[in-house]
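J.: Got a predicted structure here, sequence first:
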Amino acid sequence: MEKHRIVTKPKVYLVGRQVVDQEAMNAFLADEGMTFTTDSSVPAEVLAETAGRVCYMSFGKGRKTNQDYLDRIISSKHGSVLEHTIWNFLFTNISRSVTHELIRHRAGFGYSQLSQRYVDESDAKYCMPPLIRETPALHDQWTKAVTAAQQAYEDLAASLENVVAEKHPELAGTDRRKLVRQTARSLLPNACETKIFVTANGRALRHFVELRGSSHADAEIRELAVDVAKIMQHEAPNVFHDVAVIQENGIEIVQIEYSKV
């Protein structure tokens with residue numbers, strides 16, 4: 001199998017984030033006879049603080065900085081406030097094994113994944129697991145296995161085209177191809193690379209990086225969780241200030257101060 005069809009690291013693209021409608025925010029404050037400013041320029045952090053202050057109508061009172069305010073929220077484990085923060089990601093160079101685990105995170109997540117029923121996998125890429133990557137003696141064995149599976153998929157798809165045309169002449173071309181691919185994909189291994197669009201709130205992301213960034217997590221999804229944690233540390237430092245990426249026994253893992261916020 002060509003080297004370009006074997007991938008070894010996930011790719012994480014942060015493609016969407018919130019904005020604050022300042023005009024509407026000012027209208028709310030004026031209607032309530034209040035003034036409020038915050039020192040954060042990160043919309044998600046501003047919205048989380050606003051949501052929290054609504055609970056007690058504490059605008060302009062108490063903790064003065066956004067970091068102080070969110071520190072108190074997180075240390076008190078009032079995680080519901082963080083559910084108002086939203087980000088959109090694209091994950092690529094990850095295997096179907098990873099997405100099988102990823103989509104178990106339901107609360108606070110939304111997913112749209114590449115369809116093997118519609119997309120031709122004749123030029124599919126394959127994700128080499130970390131343990132295989134670290135063991136050169138196993139590279140050939142693993143590569144031969146995924147190459148055989150890929151060839152079997154292509155051969156079966158070619159055979160199915162004639163079968164489907166004969167059995168279902170009433171189907172349009174798109175529907176025939178879908179039937180061929182949804183049948184042939186049964187031969188593709190979990191290592192097959194996929195792409196998934198993910199939307200998640202801050203509370204859900206904290207739970208994801210804590211759980212999947214652990215040394216006890218599957219190695220592939222741990223790499224993904226570590227990458228997400230690094231991005232969020234810079235994207236929203238006041239929400240992820242207690243999240244750290246550290247080295248443990250030669251691997252990167254996520255360490256979090258306030259667990260299960």
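T.: That came through fine. Just so it is clear, the structure is predicted and the values come from calculations on it, not from any experiment.

J.: what about the helices in the stretch 151-261 of the chain?
T.: 173-184, 202-212, 219-235 (DSSP state H, counting those that start in this stretch).

J.: Of these, flag the one that's most buried.
T.: Counting by mean count of other Cβ atoms under 10 Å, helix 202-212 has the highest mean neighbour count of these, with a mean of 24. Any C-beta I mention is one placed from the backbone N, CA and C, and that applies to glycine too.

J.: The residue of the chain positioned farthest from its centre and residue 19, how far apart?
T.: Going by Cα atoms, centre = their mean, the residue of the chain most distant from its centre is residue 166, 41.5 Å out. With the distance defined as Cβ to Cβ, to the nearest Å, residue 166 ends up 55 Å from residue 19.

J.: Show me where the stretch 1-150 of the chain has its strands.
T.: For the stretch 1-150 of the chain, applying DSSP state E, counting those that start in this stretch gives strands covering 6-7, 11-17, 86-95, 109-113, 126-127.

J.: Tell me which of those sits nearest to residue 42.
T.: strand 11-17 (8.5 Å; Cβ to Cβ).

J.: the inter-axis angle of the closest one versus helix 219-235?
T.: Strand 11-17 runs at 40 degrees relative to helix 219-235, counting by axes from the mean of the first three to the mean of the last three Cα atoms, to 10 degrees.

J.: Could I get the average pLDDT for strand 11-17?
T.: Per-region confidence: strand 11-17 scores 98 on mean pLDDT.

J.: chain center to it, what's the gap?
T.: Relative to the centre of its chain, strand 11-17 is centred 9 Å away, using Cα atoms, centre = their mean, to the nearest Å.

J.: so residue 82 makes contact with residue 201?
T.: Yes - Residue 82 lies in contact with residue 201 (Cβ atoms under 8 Å); the separation is 6.6 Å.

J.: who's more crowded, those two?
T.: Under the criterion of other Cβ atoms under 10 Å, the comparison of residue 82 against residue 201 puts residue 82 first, with 27 against 21.

J.: Quick check: the gap between that one and residue 236.
T.: Separation of residue 82 from residue 236 (Cβ to Cβ) stands at 9 Å.
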